[in-house]
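Visitor: Make a model of this:
(chains A and B)
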Number of protein chains: 2
Amino acid sequence: MSDTKISVGLMGIGTVGRGVYRILTDNCANIQRKVGAPVDIEKILVKDLGKDRGLEIEPSKLTTEVADIIDNPDIDLVVELMGGLEPALDYVKKALTNGKSVITANKDMIAMHGKELFELAEANQCDLLFEASVAGGIPIIRPLKECLAANRMQEVMGIINGTTNFMLTKMTAEGSDFNEVLEEAQAKGFAESDPTSDIEGYDAARKLAILSSIAFNSRITLNDVYVEGITKITSQDITYAQELNYVIKLLAISKETSDGIEVRVHPALIPNHHPLASVNDVFNAIFVRGDAVGDAMFYGQGAGEMPTASAVTADIMDAARACLYNVPSLIGCTCYDEKPVKSMGLTESKYYIRLRVADRPGVLASIAYAFGDKEVSLASVIQEQNEGDEAELVMVTHKVREKNLREALEMIRHLSSVIDVCNFIRVAGEDQ
Amino acid sequence: MSDTKISVGLMGIGTVGRGVYRILTDNCANIQRKVGAPVDIEKILVKDLGKDRGLEIEPSKLTTEVADIIDNPDIDLVVELMGGLEPALDYVKKALTNGKSVITANKDMIAMHGKELFELAEANQCDLLFEASVAGGIPIIRPLKECLAANRMQEVMGIINGTTNFMLTKMTAEGSDFNEVLEEAQAKGFAESDPTSDIEGYDAARKLAILSSIAFNSRITLNDVYVEGITKITSQDITYAQELNYVIKLLAISKETSDGIEVRVHPALIPNHHPLASVNDVFNAIFVRGDAVGDAMFYGQGAGEMPTASAVTADIMDAARACLYNVPSLIGCTCYDEKPVKSMGLTESKYYIRLRVADRPGVLASIAYAFGDKEVSLASVIQEQNEGDEAELVMVTHKVREKNLREALEMIRHLSSVIDVCNFIRVAGEDQ
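Guide: Model prediction:
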C-alpha cells in the first residue's frame, strides 16, 4: 500500500455529485485497498457556499473559484458533474491542459466535443474517462473498449433512454395514451418539464454517437445520427404489435455494413423473445454483436443518483490507479478510421405500416400494386373494421430499402381509397 | 506507437487456442493499434508437431518442450489453454515465478488454486488474468473488479452453465424428459459423454466460487458451495412451475448476509418477469446487485471457440499494455477479508414442494399441521387428481429457513397418507 494520497476536485455537487461523495466517504476503506492509496475529495466547486446539501462537508473543502481545482497543484483528478456545455467544457479543457485526468458524466460534452477533448488528454498524457455518460450504472464503455477489444464489432442496439422506456412500458402494460403516460413520467420525476430531448430521441442519439464511435473506431457525431422520437406511437400501434408478437421500444441502433455505418434512433418493433424486449420501466440495456463474442447484452439502471455515481467512482478509482503508476488508464481514443455514414434511405428493415382506408372492394389491390411497383413485398396483413365505411389495414413488409418503402408510401398516400398513412415503424432484432 | 513487440507463448491449441490464434492473426492491425505494439504468438506448446490444425502455423513456432515458453526470455506473456489441473498448474506456477504474466481460461485451476497463484503473481509483479474462466465471452471478471469496484456487492445470481440451461430450456419448451434432452445435448456436443460435472452443478459451482471471491472480497472455494444438480427435475415440476408463472433454471447464487456469505448452486423457480427467466439455450447471464449500482445483468455466450477466445484475447491485450508500461494490469486479488460461509440450513427461501398423497379426507390437514409445527407457512396449494386413489399436491411456501423446511418434510415423509415427497425446489429472484 502506498502512502501517497490521490486528491480529487469535484466540480458540481448535485444529485450525482452527492452520490459520489457518499460512496467515497462510506466505502473509503475498500476503495483505498483496491486503489492502493486513499482517494479523498479535497475541493468541491459550488455556486453557493452556504447551501444545505444534506452531507457533512468540511467548509474548507467548498470553493466558488474553479481555479482552486483546475489550477491547484495538489489536485490529481478532476470530476466534472456540472452538466451542460459551458462553462463545463472550458473547465475540462483547462484541467486537461494542466495535465489533470478528468472524469465526466457529461454526454453532451463528449458527444459534441469528444475529438478535441481526447486529443487534448492524449497531448497532456492524462485520461478522460466517461463511463457514466452512457447508460448510467451499466458498465459499457470499458467493456466495449477493453473486454471486447479483440472483436470487430458489427452491431450495437440499445434501450438507452429511461424516460421513453418507462413511457412505452406503461403504454404497453396499461393501454394508456402517450400524453397520459408523459404526465405520469413528469409527476414521478422521470421526465423533465420540457421533455423534448428524451421523447424526440436526442438524448439517446447523443449516447449512441458515443457508443458507435467506440464500437466502430470512427468518429460519429450527433449530426450523423438519424433521429425519430416516440411521439407518433399510439396505443393502437402497441396493440397491433402485441397481436403480431412484438413489443415497441425506442431503439438506438448502429451497424457496420459494406456501405458505411448505419446509425439511427427510432421506435421499433422487436420480437417478444429478443433479450431487449423484456427490458422494462426505467431500465436500460445495450445489446452488442461482435465477430468473436457473438451476441452479448449489458443491462441495468440508466440513470439515478447512485447508479451513475457508481460509474463515476469506478472511473475515479481507475484514474487514481493510473495516476499512482503514472500511466494512461483506459485505452485512449480509438477513432483511427474515417468510415462513411450510410444514408437512411439505403438502410434495410422490415416495416410495420398502419393505414386508414375506405372499406370497399379493390382497395387492398391498389395498395398492393403500389408496394409491388417499388419492390416492397408484404409478409402479413391484418384488416380491422372501423366505424362507418372505414377500415384499418396493418401490414408488415419483408426486408426492404427505406427509400423504396418511402416511395411506395408516397404513392399510397395519394390513392383515393387511402384516408391516411397513420404510421410506419421499423422492425428490428429479427436476425436472432 | 512503440516498436516494441509483445511475444506470446500459447500452451495448448485446442478449440479455444485456435480461436485465439485466428483473432490475433485476422485482427492484428486493430489489436496493434489498441495495444500500442504488435502482439505475436511466438511459440505454441503441442503434443504432436505434425497434427493438422486447420491453421497456417509456421512449423518453427510449434514446440513440444514447455521450457521453450516458460523459460524463454523472449516470451512476455503465457496463455494457458491446456485445461485440467496437471501439468497446467505446474507450468503456470513456473511461468509466474519467471515473472511472466499468465492468461488462462482454466476455471478448475483458479477455483482450486487461486489463492496460491494470485500470491505468486503478486510476488513476481505480474498479472494472472482469467476472464475466460467464467461465462466464456461475457465480460464479468473485469466489470466486477473494476467497473463495479465502488460498490459493496450484495448478491450475484447467474445462469453459468450452458449445458443445463440448454436442457432446461428444451424441457420447458417441449415438455420432454430429462434423459431425452440429455441425449440430444450430447448429440449436439453441448454435453460431455460423462455429463456429471454439468448436470450435478459442479461446473457452475467452480465458476460461482470464483465470482463470489471477487464480489465479496473473501476467498470462497468449491468446498464452500452447496451444490445440487438438475437430475431430479421432471417435466411435471416444469409444468407446475409454468402454471404458477415461474420458470426453472439452474442458478448459481451468492449473497452477503449478516450471518455470512451464502453460496449455492441448485435448480430454482424464478418469476417469468425476472431478467434471468428469458435467458435460454446455451446462453449464460449473470445478475448482480450492488449498494450503489442496484441491479445489473451481463448476458452472452458462456462457451464456444470464438466467444471464449474473445475473452482470452482481451486479457492478452490488457496484459500486453500493462507489459509495455511495466505496471500491473487488473486490480489484483481482493480477498482481504475472511468472511464466514453461512450454512445451508440457515438460508431462507420460498419453496416449491411436490407431494404424492393418498386421496382421502384429512390428508391436507395432517400435512398443514406438520408445516405449522415447524413454522412453515404456505402461500399456495394446487391439488391434482392422479389415477386411482392418489393425488398430487403442489405447494409454495412463504419465506422460511431451509432447516425448518427440511424438518417439516421429514415429518411429512413419515405420515401414513403421504406416498412420496417427490421434489422440493427453492424459489429465487422474487425481491425484484
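
Visitor: Chain B contacts on the stretch 201-350 of chain A?
Guide: Counting by Cβ under 8 Å from any Cβ of the partner chain, the residues of the stretch 201-350 of chain A close to chain B are A:217, A:273, A:275, A:278-279, A:290-301, A:304, A:306-307, A:309-311, A:313-314, A:316-318, A:321, A:325, A:327-328, A:331, A:334, A:336. All C-beta atoms are positioned from the backbone trio N, CA, C, and that covers glycine.

Visitor: So how do I select the buried members of these in ChimeraX?
Guide: The ChimeraX selection below is limited to those of those classed as buried (16 or more other Cβ atoms under 10 Å in any protein chain shown):
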select /A:217,275,278,279,290,291,292,293,294,295,296,297,298,299,300,301,304,306,307,309,310,311,313,314,316,317,318,321,325,327,328,331,334
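
Visitor: Helices - which of the residues of the stretch 201-350 of chain A next to chain B land there?
Guide: A:Met306, A:Pro307, A:Ala309, A:Ser310, A:Ala311, A:Thr313, A:Ala314, A:Ile316, A:Met317, A:Asp318, A:Arg321, A:Tyr325 (DSSP state H).

Visitor: how about the residues of the stretch 51-200 of chain A near chain B?
Guide: So the stretch 51-200 of chain A meets chain B at A:131, A:137-139, A:142-143, A:146-152 (Cβ under 8 Å from any Cβ).

Visitor: Which two among those are spaced furthest apart?
Guide: A:Gly137 and A:Arg152 (27.5 Å; Cβ to Cβ).

Visitor: quick one, which of these two is more surrounded?
Guide: A:Gly137 (30 against 16; other Cβ atoms under 10 Å in any protein chain shown).

Visitor: The more buried one - nearest residue in space that isn't next to it in sequence?
Guide: Distance criterion Cβ to Cβ, 6 or more residues apart in numbering or on different chains; nearest residue to A:Gly137, sequence neighbours excluded, is A:Pro307 at 2.8 Å.

Visitor: which residues touch the one you found?
Guide: Residues near A:Pro307 by Cβ atoms under 8 Å, 6 or more residues apart in numbering or on different chains: A:Gly136, A:Gly137, A:Ile138, A:Gly300, A:Gln301, B:Ala292, B:Val293, B:Gly294.

Visitor: one more time with 6 Å, if that's ok
Guide: A:Gly136, A:Gly137, A:Gln301, B:Val293, B:Gly294 (Cβ atoms under 6 Å, 6 or more residues apart in numbering or on different chains).

Visitor: a markdown table for those residues, including distance to B:Gly162 and pLDDT?
Guide: Conversion of the contacts of A:Pro307 to a markdown table gives the following (distance: Cβ to Cβ, whole Å; pLDDT from 0 to 100):
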| residue | distance to B:Gly162 | pLDDT |
| --- | --- | --- |
| A:Gly136 | 30 | 86 |
| A:Gly137 | 27 | 87 |
| A:Gln301 | 27 | 93 |
| B:Val293 | 26 | 96 |
| B:Gly294 | 27 | 96 |
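
Visitor: So which of those sit within strands?
Guide: A:Gln301, B:Gly294 (DSSP state E).

Visitor: what's the closest of the contacts of A:Pro307 to B:Asp48?
Guide: For the contacts of A:Pro307, the nearest to B:Asp48 is B:Val293 (48.0 Å; Cβ to Cβ).

Visitor: how about the closest one, what does it touch?
Guide: B:Val293 touches A:Gly137, A:Pro307, A:Ser310, B:Leu148, B:Asn151, counting by Cβ under 6 Å, 6+ apart.

Visitor: out of the contacts of A:Pro307, what pair is the most spread apart?
Guide: A:Gly136 and B:Gly294 (9.5 Å).

Visitor: For the stretch 51-200 of chain A, which segments count as helices?
Guide: For the stretch 51-200 of chain A, applying DSSP state H, counting those that start in this stretch gives helices covering A:67-70, A:88-97, A:107-123, A:141-142, A:162-174, A:178-187, A:196-199.

Visitor: Rebuild these as CSV, extending it with mean neighbour count.
Guide: CSV is the format used below for the helices of the stretch 51-200 of chain A (neighbours: other Cβ atoms under 10 Å in any protein chain shown):
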stretch, mean neighbour count
helix A:67-70, 20
helix A:88-97, 20
helix A:107-123, 19
helix A:141-142, 23
helix A:162-174, 21
helix A:178-187, 16
helix A:196-199, 20
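
Visitor: Now do the domain split for chain A, please.
Guide: Following automatic domain parsing, chain A resolves into domains at A:6-136+A:305-325, A:141-301, A:344-427.

Visitor: coming back round to it: and the contacts of B:Val293, which is closest to A:Ser101?
Guide: A:Ser310 (18.8 Å).

Visitor: Can you give me every residue that contacts the closest one?
Guide: A:Gly137, B:Ala150, B:Asn151, B:Ala292, B:Val293.

Visitor: got the helices of the stretch 51-200 of chain A as JSON lines, with mean pLDDT and distance to B:Ser380 columns?
Guide: Shown next, in JSON lines, are these (pLDDT from 0 to 100; distance: least, Cβ to Cβ, whole Å):
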{"stretch": "helix A:67-70", "mean pLDDT": "97", "distance to B:Ser380": "59"}
{"stretch": "helix A:88-97", "mean pLDDT": "98", "distance to B:Ser380": "55"}
{"stretch": "helix A:107-123", "mean pLDDT": "94", "distance to B:Ser380": "46"}
{"stretch": "helix A:141-142", "mean pLDDT": "93", "distance to B:Ser380": "44"}
{"stretch": "helix A:162-174", "mean pLDDT": "96", "distance to B:Ser380": "24"}
{"stretch": "helix A:178-187", "mean pLDDT": "94", "distance to B:Ser380": "32"}
{"stretch": "helix A:196-199", "mean pLDDT": "96", "distance to B:Ser380": "41"}
